[in-house]
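> this one's structure only:
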């Protein structure tokens, strides 16, 4: 057992990444239920890519009403308000709806589960994009009252940030309510205006455009985002003379479920949760093949592969409908129903516009089964259809590659399951297998190692080859992730059926693997848990690369297996101790390297990418005044940071294409610079491993896990941090100004990880008998 045991970090993903939790909220009663249902439809149809929790405050909704609400939104959070609490407020008639709502809406400030809450009145209809509201991060925002000047807000729409969702602010509300020192006007926001006294962020009137501005049947302005039917005469109660054009806009969203579902599915940029919530009953009701394809594609994007198979399998797909066949083939591949997948994909090749993608998937399928010739045939067919098709080209290159001739005898080799990266693949993943091998000894070549690609089916032939070796090493890297190359055999990256894992009869060592799920990403729990438990039972050594992963994995195991799960740092973090003949560079370039990652961008940034980019522009300008800043791209997609900074902020950065580098070039580049600011896991761990100071841009829990393990959480900043630019600049300049001190600290932290690695190496040598 190792002696370095830092406290396991908080494992709730949002707590680690700082990703903002956002909710909408409304007060709903039976009288205003028709208005709320229209509000929900209008929100979905006007903002089809937005789905956050919707908190429904109520004091007595019927179960049938709750069911109607839930049918229109997949993330309803019911909260019953305490009506009696407001009896002590000294004004108002509790039977008056506006007064009741004015009091009950104050319960919103008691919410503690969110960072931003957007309130919407039930007599509103959403007509436009709310992206600007979702991106707000400061203060309490509202539209000033139209008839009463800029000093008072209209509480129909509020954008409330965390500092107001507090006991202190609730106490102020209670004090004013009990004292009676407020105006109870017909606009039902007297208490809040008394508390704020004009101190709120002013929003444009288009976000709470009151009906009274349209008196005389004026048309609704085209840029109106939210139309508010203030006054006593509501559209669902017969309306009011003089507002016919406004009420027509409200009635656009007064529709039955079938019409609403069809209208939503006709939109673009659909949010997964809404797509599934509306699309599934639509497909079941209509058998609509195109709708089934859309919903199934949404399931696949979220890693819900069996759901995609079930939905598309429930409809009759015409032979000549290529796209649904291709999507069904993709889903079937992902659950390892390969023969059925092949049939669907071959049907999809008949249509020129889908053929290249279908051929690329067929090439992948053949490669998974170890048939390079068949894979090359399909990839070439894809390139014949579309010579620019990137996936077909990549599979052609992989299938045509000549495997290195193994030089050693089987009895002298360890088998090594890893993700072996292609040319121009992720630089960190490219370096990782070699570095894992260096942790076992200086020879990382085929004299001592037999390669097993994690994504290829581990069949009987592969099993026989492994059992002829001294042992089996699995890792490192984030192999516990569900979606990079999904399979139904294990539901994680190694495509291993249980029966073949059980049949491995040499020592199994899981080495520096990470639990890599993003905030908002989930596994197919049952299959993954069963495979994970079998792997832990089978392993002679089971080392995970951070204590956050250890906590996650232990939570999925029975207590008797917990002690088998131990800490083994990623070997890239101690790389300078592993590479033969390594010497630290005598001089460093006066540069700072900057990396951002864009895979699964929605999970990384949420609604905050614009904020992140603007804050990075501030930091680059400030740091660049002292030291040259360069963009380092671990993969092709990482270059987007340089493109976006130039397009949006006029900043040009040189780009280092690390995805084209050899392993030696990767190490040398990171060793020569003075500081690395990186978002990818290995944009932190590799420079740390060659004793270059780092600042992590945290968009994934694994970076917070790593910094917790080395007891330096201050070396990380969330991409969601409100003052990201200023914090990043301050920390970067402090490191640059005290560079020698920080490098010495990196050395010290690295020694802790090296001690763990040495202790584990001793244990592994005992397992292997040498």
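Done, it's in. If you're wondering where the values come from, they're calculated on a predicted model, not measured in any experiment.

> what kind of secondary structure is residue 269 in?
Classification of residue 269 using DSSP: H, G, I helix; E, B strand; the rest coil returns coil.

> just the pLDDT at the closest residue to it other than its chain neighbours, thanks.
The shortest distance from residue 269 to any non-neighbouring residue, by C-beta to C-beta, 6 or more residues apart in numbering, is to residue 49 (4.2 Å). C-beta coordinates here come from the backbone N, C-alpha and C atoms, glycine included. As predicted, residue 49 sits at a pLDDT of 97.

> and for the one 3 residues further on?
pLDDT for residue 52: 97.

> burial of residue 516, as a residue count?
23 (other C-beta atoms under 10 Å).

> the residue nearest to it when sequence neighbours are not counted in helix, strand or coil?
Distance criterion C-beta to C-beta, 6+ apart; nearest residue to residue 516, sequence neighbours excluded, is residue 478 at 3.0 Å. For residue 478, the assignment made with three-state DSSP gives strand.

> what is the burial count for residue 478?
25.

> the residue nearest to residue 269 against residue 271, yeah?
Yes: between residue 49 and residue 271 there is a contact under C-beta atoms under 8 Å: 5.1 Å.

> so those two - more neighbours on which side?
Between residue 49 and residue 271, counted using other C-beta under 10 Å, the more crowded position is residue 271 (19 against 16).

> how near is the more buried one to residue 264?
Distance, residue 271 to residue 264, using C-beta to C-beta, to the nearest Å: 10 Å.

> got a list of what the residue nearest to residue 269 touches?
Residue 49 makes contact with 269-271, according to C-beta atoms under 8 Å, 6 or more residues apart in numbering.

> could you dump those residues into CSV and include distance to residue 471?
As requested, the contacts of residue 49 are arranged in CSV below (distance: C-beta to C-beta, whole Å):
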residue, distance to residue 471
269, 49
270, 48
271, 47
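
> which of those residues sits closest to residue 318?
residue 270 (23.6 Å; C-beta to C-beta).

> any idea how many residues pack against the closest one?
22.

> going forward, count from 764.
Sure, I'll start counting at 764 from here, so that last one is residue 1033.

> now do the SS call for the closest residue to it other than its chain neighbours.
Distances taken as C-beta to C-beta, 6+ apart place residue 811 nearest to residue 1033, at 5.2 Å, with adjacent residues excluded. Look at residue 811: counting by three-state DSSP, its state is coil.

> return the residues in contact with residue 1100.
By C-beta under 8 Å, 6+ apart, the neighbours of residue 1100 are 1072, 1251.

> quick one: it from residue 1225, how far?
20 Å.

> strands along the stretch 1314-1463 of the chain, start to end?
1328-1330, 1354-1357, 1391-1396, 1418-1420, 1438-1441, 1457-1461 (DSSP state E, counting those that start in this stretch).

> now for the fifth one, which elements pack on it?
In other words, strand 1438-1441. Using 3 or more C-beta pairs under 8 Å, 6 or more residues apart in numbering; DSSP states H and E, the elements in contact with strand 1438-1441 are strand 1354-1357, helix 1445-1452, strand 1457-1461, helix 1487-1500.

> tell me the angle the longest one makes with strand 1391-1396.
Note on geometry: by axes from the mean of the first three to the mean of the last three C-alpha atoms, to 10 degrees, helix 1487-1500 and strand 1391-1396 are set 110 degrees apart in direction.

> contacting residues around helix 1487-1500?
Helix 1487-1500 is contacted by residues 1355, 1374-1375, 1377-1382, 1385-1386, 1389-1390, 1437-1438, 1440, 1456, 1458, 1477-1478, 1480-1481, 1484, 1505 when judged by C-beta under 8 Å, 6+ apart.

> among these, which lie within helices?
1374-1375, 1377-1382, 1385-1386, 1505 (DSSP state H).

> now neighbour count, pLDDT and distance to residue 1424 too, for the residues you listed, in a markdown table please.
Below are the ones in helices among the contacts of helix 1487-1500 laid out as a markdown table (neighbours: other C-beta atoms under 10 Å; pLDDT from 0 to 100; distance: C-beta to C-beta, whole Å):
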| residue | neighbour count | pLDDT | distance to residue 1424 |
| --- | --- | --- | --- |
| 1374 | 21 | 95 | 31 |
| 1375 | 24 | 96 | 26 |
| 1377 | 14 | 97 | 30 |
| 1378 | 23 | 97 | 28 |
| 1379 | 23 | 97 | 23 |
| 1380 | 17 | 98 | 27 |
| 1381 | 16 | 98 | 29 |
| 1382 | 24 | 98 | 25 |
| 1385 | 17 | 98 | 28 |
| 1386 | 21 | 98 | 24 |
| 1505 | 20 | 97 | 25 |
